[in-house]
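Trainee: Sequence and predicted structure are below.
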Amino acid sequence: MSEVIATTDSPVVTVSASLSSPPTKTSDLTNDSNFQNDVQVLQTIEDNKQTVPTKVSDLENDSNFQNETEVATSIEESFENTVKAHTELIGLNDDADNTHISQELKNLLESYGIQTLRPQVFNIKCNAGRFNCSWGNTDGIMWQFPDDTVLYSDGVTPIKASYDSQPDVIIANDNSTVKLSCVNWVGTYAFLDNDIDGNLLINLADLPALSYYLDLSNCPLVTGNLADLPALSYCLRLSNCSLVTGAYTQISGETVPATTDLSYTNVSSTDMDSTLIAYASCTKSNGSFSANGMTRTSASDDAVATLVARGWTISGLTTV
């Protein structure tokens with residue numbers, strides 16, 4: 001069969017071309033010594049598989065590779081030096097509960113001090129009125145305010161965001177949310193409610209992974225269980241948080257607040273016993289534990305005696 005190509009400037013040229021189908025699989029190439037058929041291809045793959053190392057132990061005699069122990073050590077060091085320093089890169093920021101990661105991964109991350117059950121953004125719920133909470137770490141800090149927020153100083157200037165340690169604004173509507181983001185929650189930093197008091201609506205379970213100082217005194221609308229608190233090492237003040245319940249037992253060694261005030265909360269006698277026993281099991285000396293208007297039972301007698309002997313001041317409790 002022929003194809004004719006013609007132009008106005010050249011004579012007619014006739015080109016002969018074979019339109020037979022080209023080979024579409026290796027079996028069509030069996031008569032060509034430059035190709036392998038199906039069987040040969042499969043055999044070549046199988047032969048090569050026998051010579052490719054399938055685990056690091058096969059590489060022990062090659063100085064360019066690491067054995068299993070060296071690989072494990074490298075992974076461990078890389079994880080600690082990189083992931084721990086950049087927890088924001090793990091993709092956990094948008095899921096406060098992190099329900100999408102396995103328990104094994106949670107345990108691994110938390111062994112490096114990464115609190116996977118704590119949000120990277122602190123959603124601070126509040127009612128209308130003055131808002132001047134403060135956070136001590138200004139590294140990467142940003143407060144984002146709801147619509148219609150204005151500066152407290154003049155009551156009229158709109159503000160959408162602040163990078164200060166302690167912004168001072170007026171929230172326009174009840175049941176609003178202020179978002180606080182920060183590069184790192186762990187360290188010698190304090191979160192204080194300051195003058196917001198009765199407007200604060202947060203639940204203790206919503207707190208980020210604080211590690212040092214928390215003061216929510218005189219915030220009667222704060223809710224939650226003490227068991228939801230992060231482990232603090234310096235100060236815990238929840239006096240007059242009358243809706244707060246539970247026992248604070250997630251402490252150990254020196255990681256226990258040197259100053260604790262649980263006065264006029266809703267902590268039961270039994271939970272107060274559990275809290276005191278947990279404090280006594282720690283090693284810190286010369287602290288203070290106040291719980292005015294609260295009760296305990298004889299179950300915590302030994303714990304109180306241990307703390308007093310270690311230089312602690314225990315005040316405000318009535319034994320029932």
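Mentor: Everything's here; your move.

Trainee: Neighbours of the nearest residue to Ser252 once chain neighbours are set aside, how many?
Mentor: Leaving aside its sequence neighbours, Ser252 sits nearest to Cys282 (CB to CB, 6 or more residues apart in numbering; 6.1 Å). C-beta: built from backbone N, CA, C; applies to glycine. Applying other CB atoms under 10 Å, we find 18 residues neighbouring Cys282.

Trainee: wait, what's in contact with Cys282?
Mentor: Contact partners of Cys282, counting by CB atoms under 8 Å, 6 or more residues apart in numbering, are 251-256.

Trainee: Let's see that with 7 Å instead.
Mentor: 251-253, 256 (CB atoms under 7 Å, 6 or more residues apart in numbering).

Trainee: if I look at it, how far off is Asp228?
Mentor: 19 Å (CB to CB, to the nearest Å).

Trainee: go on, Thr138?
Mentor: 26 Å.

Trainee: out of these two, which sits in the busier spot?
Mentor: Asp228 (17 against 13).

Trainee: Pretty sure Val308 sits in a strand.
Mentor: No: read with DSSP: H, G, I helix; E, B strand; the rest coil, Val308 is helix and lies in no strand.

Trainee: Skipping adjacent residues, who's closest to it in space?
Mentor: Ile314 (6.4 Å).

Trainee: looking only at pLDDT, what's the mean for the helix or strand the one you found falls within?
Mentor: Ile314 belongs to strand 313-319 when elements are defined using DSSP states H and E. Strand 313-319 shows a mean pLDDT of 97.

Trainee: what sits opposite Pro158 in the beta ladder?
Mentor: In this structure, Pro158 bridges to Val150 when assessed by DSSP bridges.

Trainee: I figured it hits Val150, correct?
Mentor: Yes: Pro158 is in contact with Val150 according to CB atoms under 7 Å; the separation is 5.7 Å.

Trainee: from the contacts of Cys282, which ones fall inside strands?
Mentor: Secondary structure assignment by DSSP state E places none of these in strands.

Trainee: Quick one: buried ones out of those residues?
Mentor: 251, 256 (16 or more other CB atoms under 10 Å).
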